[in-house]
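Visitor: Sequence and predicted structure below; questions after.
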Amino acid sequence: MALSQLTAGIAKVFEESFPAPFWIKAEIAKLNHYPSSGHCYPSLVEKEKGTIKAELRGTIWANDFMRINGNFIKITREP
């Protein structure tokens, strides 16, 4: 199976299961930022009674991280 076939199948399942845009609520368990590349790697979790029920890892590309972090610092006045 080609990668494009897999991603098309996943996209189809999401489109059929969640036809409208949605937000996801989660806790940021880890946030690893690598200054050499500028990229940031968050780990999102959902906990139930202190136990991790679901976990998802992501990537924030350097240009997006600079924008997001700049807004965060501007609003909170903290790094």
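Guide: Done, it's in. Numbers count the residues shown, from 1 in each chain.
Visitor: Show me where this protein has its helices.
Guide: Applying DSSP state H to the chain gives helices spanning 3-17, 62-76.
Visitor: Would you mind putting those helices into JSON lines with distance to Gly38, mean pLDDT and mean neighbour count alongside?
Guide: The C-beta positions use only the backbone N, C-alpha and C, and glycine is treated the same way. Shown next, in JSON lines, are the helices of the chain (distance: least, CB to CB, whole Å; pLDDT from 0 to 100; neighbours: other CB atoms under 10 Å):
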{"stretch": "helix 3-17", "distance to Gly38": "25", "mean pLDDT": "96", "mean neighbour count": "9"}
{"stretch": "helix 62-76", "distance to Gly38": "3", "mean pLDDT": "96", "mean neighbour count": "12"}
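Visitor: biggest strand in this structure by residues?
Guide: strand 40-48 (DSSP state E).
Visitor: so what does that one touch, helix or strand wise?
Guide: strand 27-33, strand 51-57 (3 or more CB pairs under 8 Å, 6 or more residues apart in numbering; DSSP states H and E).
Visitor: and of those, who's closest to Cys40?
Guide: If you check each of the helices and strands packed on strand 40-48 against Cys40 by CB to CB, strand 27-33 wins as the nearest, at 4.5 Å.
Visitor: What pairs with the closest one, parallel or antiparallel?
Guide: According to DSSP bridges, strand 27-33 forms sheet pairs with strand 40-48 (antiparallel).
Visitor: Also compute the angle for the partner strand relative to strand 51-57, please.
Guide: 150 degrees (axes from the mean of the first three to the mean of the last three CA atoms, to 10 degrees).
Visitor: Which among the helices and strands packed on strand 40-48 is found nearest to Glu78?
Guide: It's strand 27-33; of the helices and strands packed on strand 40-48, that one is closest to Glu78 (CB to CB) at 13.9 Å.
Visitor: Give me the contacts around the longest strand of the chain.
Guide: With contacts defined as CB atoms under 8 Å, 6 or more residues apart in numbering, strand 40-48 is touched by 24-34, 52-60, 65, 69.
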